[in-house]
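Asks: mind looking at a prediction? Sequence and model below.
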Amino acid sequence: MSQVRVRFAPSPTGFFHIGSARTALFNWLYARHTGGVFVLRIEDTDAARNSEEFLRVIYDSLTWLGLNWDEGPRVGACGGGDFGPYRQSERAAIYREYLDKLKAAGRTYEKDGAVWFKLLGERHEVFDDHRKKTVVKVKNAPAVIDDRIRGRVERTEDEDFVIVRSDGTPVFHFVNVVDDIAMNITHVIRGEDHLSNTSKHVELFQAFGAPVPAYAHIPLILKQNGPGKMSKRDQGALIEEYQRRGFLPEALVNFLCLLGWNPGDDREKMPIAEIIRLFDLPGVNQSNARFDEKKLAHMNLAYLLEVPPDAFVRQARDYFSRLGDLPAARAALVAAPEFFREVVLLCQPKLKGLEELPAYSAYFFTEDYSVDAKVRDKLLAKGDPLARLRELAKTLETADFSSDTAIEEAIKVLAAVHGLGFGDYQSIARLAVSGTNVGPSITGMFRVLGRDRVLVRLARFPAK
RNA sequence: GUCCCCAUCGUCUAGCCCGGUUAGGACACCACCCUUUCACGGUGGGCACCGGGGUUCGAAUCCCCGUGGGGACGCCA
């Protein structure tokens, strides 16, 4: 059995979205599972709609997700290969050569300045209700698709179709098949939206006398709200958005794997190496899946909890850096590295995602933090919280700040003296020091902030 | 309109191929527990085999028909 060669063939005509990413992922997984080759081919035959910016997004997103390509355009350590060029806009000579083969075989004709592919069989005219015009149909035998996910599918291609536009540029169906032949592609793994196109492609492979590759049409990802498949304009559709929001690529990849595939048991969070080991085409589902970002958020949380301290600090810093000139981000970035480290590590176990970090940690980096009025009104409404604050401040003046437990002990002793509990001091102290009612433990917060800053905040609180 | 694909909790899914399960797990939701807030975590709960016909002693599982969802029908990819 010869080596598996799969390809991911995006066209740079829009942003890179969840559906494209999963198609790339499944191709990549299959290549890695079989020890095959993962080819990246850029389908930029539609000059009017392509852009270098979109191309950049494709490279960036694939790289971020860790989907390294063995052959294709050279970017970083990826790319190269003996079947180039890998951008269709640079393969015109190859398409001409293949077109000549078809012409020589008598399988083309010209009409309206375009080159058409001629199906074999008798022709007759019929009125097409969808297009509201009379069209020429061909009495043709069905193309048989042996799909690795869906089983045997038959579809009859019954109309000739354009393969070269009147401006001389070849169209998708033609270049797609030519490149799959020229690049020795053995398995075509793509979205189910291409299933209906496959009869065209099979006709072309046969006209070229080339072996038809194995097909695997994977289910589509439906938008989370409303009908239809997910498209680049839908909320939460773009990969770059998750990158920008600080999601962990490992989490997104793991989540995407589970959309249409599962290991056959109850495991969900799995190392990518294990997924590669288990992934196979027959295990892929046949029905479409709806994207659920709540579950993605949960997966992200599970991964975030496991990021080692050094890596988390680095990622937190990167995230703040990308926020650019936002005051909160700037304040965090100019803080002393050791202090920054302590703050983000204190917050790490409480976060759902990196995107929560700036707001969650803001009061560590500035004295100018806002106080939640609702929480303040509620806390001040009962008991004598300001008295608690005065007592606490007095205690903290001399308390041992060397560890969380030392601070905790001091507060507990204070509470016991007044016949109160830790909780009687906690809420109001938290509000005074952080302006909110959520956050890390106040003992950790106090220790990281330091005695002086805590005392200043406690003292000025009533005035705020 | 024609053609193609699909159909288990709200969502992702296991089970289907090789008929016999209290139809399992996860996210979300609710309750309780833990607790020093908020999370995390733990325990429990509600929640599904689209409908109708067959075949069979027995159907989520096999077959047919509906219905529903999705996709394709471009000189887009």
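Replies: Here it is on my side, so go on. Nothing here was measured: the structure is a model prediction, and the numbers come from that model.
Asks: biggest helix in chain A by residues?
Replies: In chain A, with assignment by DSSP state H, the single longest helix is helix A:18-34.
Asks: just the C-alphas of it, formatted as CSV.
Replies: The C-alpha coordinates for helix A:18-34 follow below in CSV (Å, rounded to 0.1, in the frame of the first residue of the first chain):
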residue,chain,number,x,y,z
ILE,A,18,-14.2,26.9,12.4
GLY,A,19,-15.4,24.7,9.6
SER,A,20,-12.3,25.1,7.5
ALA,A,21,-10.2,24.5,10.5
ARG,A,22,-11.9,21.3,11.3
THR,A,23,-11.5,20.1,7.7
ALA,A,24,-7.8,20.9,7.9
LEU,A,25,-7.6,19.2,11.3
PHE,A,26,-9.2,15.9,10.0
ASN,A,27,-6.9,15.8,7.1
TRP,A,28,-3.9,16.5,9.3
LEU,A,29,-5.0,13.8,11.8
TYR,A,30,-5.4,11.3,9.1
ALA,A,31,-2.0,12.1,7.7
ARG,A,32,-0.4,11.8,11.1
HIS,A,33,-2.3,8.7,12.0
THR,A,34,-1.3,6.9,8.8
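Asks: after that helix comes which helix or strand?
Replies: strand A:37-40 (DSSP states H and E).
Asks: tell me what that next one is packed against?
Replies: When contacts are defined as 3 or more C-beta pairs under 8 Å, 6 or more residues apart in numbering; DSSP states H and E, strand A:37-40 sits against strand A:5-8, helix A:18-34, strand A:72-75. Quick note: C-beta positions are derived from backbone N, CA and C, even for glycine.
Asks: hang on, residue A:302 packs against residue A:269?
Replies: Yes: using C-beta atoms under 8 Å, residue A:302 is in contact with residue A:269, at 5.3 Å.
Asks: what residue ranges in the stretch 101-250 of chain A score low on pLDDT?
Replies: Within the stretch 101-250 of chain A, not a single segment meets pLDDT under 70.
Asks: spell out which parts of it neighbour RNA strand B.
Replies: A:111-114, A:128-131, A:150-151, A:153-156, A:159, A:161-162, A:165-167, A:169, A:171-173, A:192-197, A:219-220, A:222, A:227-229 (C-beta under 7 Å from any atom of the strand).
Asks: may I see the ChimeraX selection of the buried members of those residues?
Replies: Filtering these down to the buried ones (16 or more other C-beta atoms under 10 Å) takes a single ChimeraX command:
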select /A:114,150,153,155,161,162,171,172,173,192,194,195,197,219,220,222,229
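Asks: which of the residues of the stretch 101-250 of chain A next to RNA strand B fall within helices?
Replies: Judged by DSSP H, those include A:172-173 as members of helices.
Asks: and residue A:311, how many neighbours does it have?
Replies: 10 (other C-beta atoms under 10 Å).
Asks: shouldn't it be within a helix?
Replies: Yes: the assignment for residue A:311 by DSSP: H, G, I helix; E, B strand; the rest coil puts it in a helix.
Asks: and it, how far is that from RNA strand B?
Replies: 19 Å (C-beta to the nearest atom of the strand, to the nearest Å).
Asks: check contacts around the nearest residue to residue A:280 once chain neighbours are set aside.
Replies: Among residues not flanking residue A:280 along the chain, residue A:33 sits closest, at 6.5 Å (C-beta to C-beta, 6 or more residues apart in numbering). Counting by C-beta atoms under 8 Å, 6 or more residues apart in numbering, residue A:33 touches A:276-277, A:279-280.
Asks: could the helices and strands packed on strand A:37-40 go into CSV alongside mean pLDDT?
Replies: Shown next, in CSV, are the helices and strands packed on strand A:37-40 (pLDDT from 0 to 100):
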stretch, mean pLDDT
strand A:5-8, 98
helix A:18-34, 97
strand A:72-75, 94
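Asks: out of those, which gets nearest to RNA strand B?
Replies: Shortest distance between RNA strand B and the helices and strands packed on strand A:37-40, using C-beta to the nearest atom of the strand, is found for helix A:18-34: 9.6 Å.
Asks: that closest one near RNA strand B anywhere?
Replies: No: judged by C-beta under 7 Å from any atom of the strand, helix A:18-34 stays clear of RNA strand B, getting no closer than 9.6 Å.
Asks: pull out the buried residues from the helix or strand harbouring residue A:200.
Replies: Secondary structure from DSSP H and E places residue A:200 in helix A:198-207. Buried positions in helix A:198-207, judged by neighbour count with 16+ other C-beta under 10 Å: A:198-205, A:207.
Asks: how about residues contacting stretch A:155-165?
Replies: The contact list for stretch A:155-165, computed with C-beta under 8 Å, 6+ apart, reads A:99, A:102, A:108-109, A:114-119, A:135-143, A:145, A:170-171, A:173-174, A:195-196, A:198-200, A:202-204.
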